[in-house]
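# what's the 3D shape of this:
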Amino acid sequence: MVSPADIPIRDAATVILLRRDGTPRVLMGQRGASAVFMPNKFVFPGGAVDPNDALVAPTGLCHETRRALQNDSDADAQALVAAAIRELWEETGQMLGVPGDWADPPRGWRGFAASGHRPTAAGMRFFFRAVTPQGAPRRFDARFFLVDATALITDPDDFGRAEDELSHLHWVDLKAARALDLPFITEVALAELAAHLANPTAPLTVPFFRNDDERHLISRLGGRRPLDHAPEV
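Here you go, the predicted model:
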């Protein structure tokens, strides 16, 4: 039997997609009851970085986000951003892309390429980081990216191209989201988002839930300028 301390920690990427045509809402879905990791929980779209994500070069990654990711760890910033875009596409059918031919996309990206688009990271901002605590059947070092829904090139209400990993995909009001069955870290991310929306001009630092010991549960990764085109309530 594998000891909890021996479970490998995989890099992962998550998208907090924010919609502001009315009361601020975020896109969430429910994991299946049979899922090994976080069954039945409502989550943001996201998942583990695939080795082929390192072969993808999304356009539009701003210097500030790239620098924050590179300063944060030795993980591949490009692969993290690519994984976030791919997982959003797979789990929701929503696309962050620009028109363009893609002659030989790597495995895992062929459906995206078949749409006639290439991935873009324009508008993605590194917002949150958390490591799954010991004791979970799988562990991830997840980077959360905040993206305004206006960056989508797809209909934000059309989930017809989504795979079946998440059910009950819907846009949920930030306050109403608190009533859903959420992982603890998702509750914290929502609280951070609410605080940011309440004061969007404050210097943005990235909360990091290390989950390595009780004394260092959370830290803040270095200060950054406020988000470009900061979300407004």
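# tell me what the host helix or strand of L17 is packed against?
Assigned by DSSP states H and E, L17 belongs to strand 9-19. Contact partners of strand 9-19 among helices and strands, from 3 or more C-beta pairs under 8 Å, 6 or more residues apart in numbering; DSSP states H and E: strand 25-31, strand 46-48, helix 77-92, strand 125-131, strand 139-148, helix 184-198. To be clear about C-beta, it is placed using only N, CA and C from the backbone, and glycine gets the same treatment.
# try 7 Å
Applying 3 or more C-beta pairs under 7 Å, 6 or more residues apart in numbering; DSSP states H and E, one finds that strand 9-19 contacts strand 25-31, strand 46-48, helix 77-92, strand 139-148.
# for it, C-alpha coordinates in CSV please.
Provided in CSV are the C-alpha atoms of strand 9-19 (Å, rounded to 0.1, in the frame of the first residue of the first chain):
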residue,chain,number,x,y,z
ILE,A,9,2.0,15.8,-6.4
ARG,A,10,1.1,16.6,-10.0
ASP,A,11,1.0,20.0,-11.6
ALA,A,12,-2.5,21.1,-12.4
ALA,A,13,-4.4,24.1,-13.8
THR,A,14,-7.8,25.4,-13.1
VAL,A,15,-9.9,28.2,-14.7
ILE,A,16,-12.1,30.6,-12.7
LEU,A,17,-14.3,31.9,-15.5
LEU,A,18,-16.0,35.1,-14.5
ARG,A,19,-19.1,36.5,-16.1
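# how far away from the center of its chain is that strand?
2 Å (C-alpha atoms, centre = their mean, to the nearest Å).
# for that strand, buried residues please.
D11, A12, A13, T14, V15, I16, L17, L18, R19 (16 or more other C-beta atoms under 10 Å).
# now swap in stretch 115-127 and tell me
Quick answer for stretch 115-127 (16+ other C-beta under 10 Å): H117, R118, P119, T120, A121, G123, M124, R125, F126, F127.
# now do stretch 163-181
Across stretch 163-181, burial judged by 16+ other C-beta under 10 Å covers L166, L169, W171, V172, L174, A177, L180.
# need the pLDDT of K41.
On pLDDT, K41 comes in at 92.
# can you tell me the closest non-neighbouring residue to W102?
Of all residues not flanking W102 in the chain, A113 sits nearest, at 3.8 Å (C-beta to C-beta, 6 or more residues apart in numbering).
# then stretch 103-119 to CSV, C-alphas only?
Extracted as CSV, the C-alpha positions of stretch 103-119 are listed here (Å, rounded to 0.1, in the frame of the first residue of the first chain):
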residue,chain,number,x,y,z
ALA,A,103,-1.3,21.2,-39.1
ASP,A,104,0.0,18.7,-36.6
PRO,A,105,-1.5,19.2,-33.1
PRO,A,106,-0.3,16.9,-30.3
ARG,A,107,-2.6,14.2,-28.9
GLY,A,108,-5.2,15.8,-26.6
TRP,A,109,-5.4,18.9,-28.7
ARG,A,110,-6.7,17.5,-32.0
GLY,A,111,-10.4,18.3,-31.3
PHE,A,112,-9.4,21.9,-30.4
ALA,A,113,-7.4,22.2,-33.6
ALA,A,114,-10.2,20.7,-35.7
SER,A,115,-12.3,23.7,-34.8
GLY,A,116,-9.9,25.9,-36.8
HIS,A,117,-8.5,27.7,-33.8
ARG,A,118,-5.3,27.9,-31.8
PRO,A,119,-5.2,28.5,-28.0
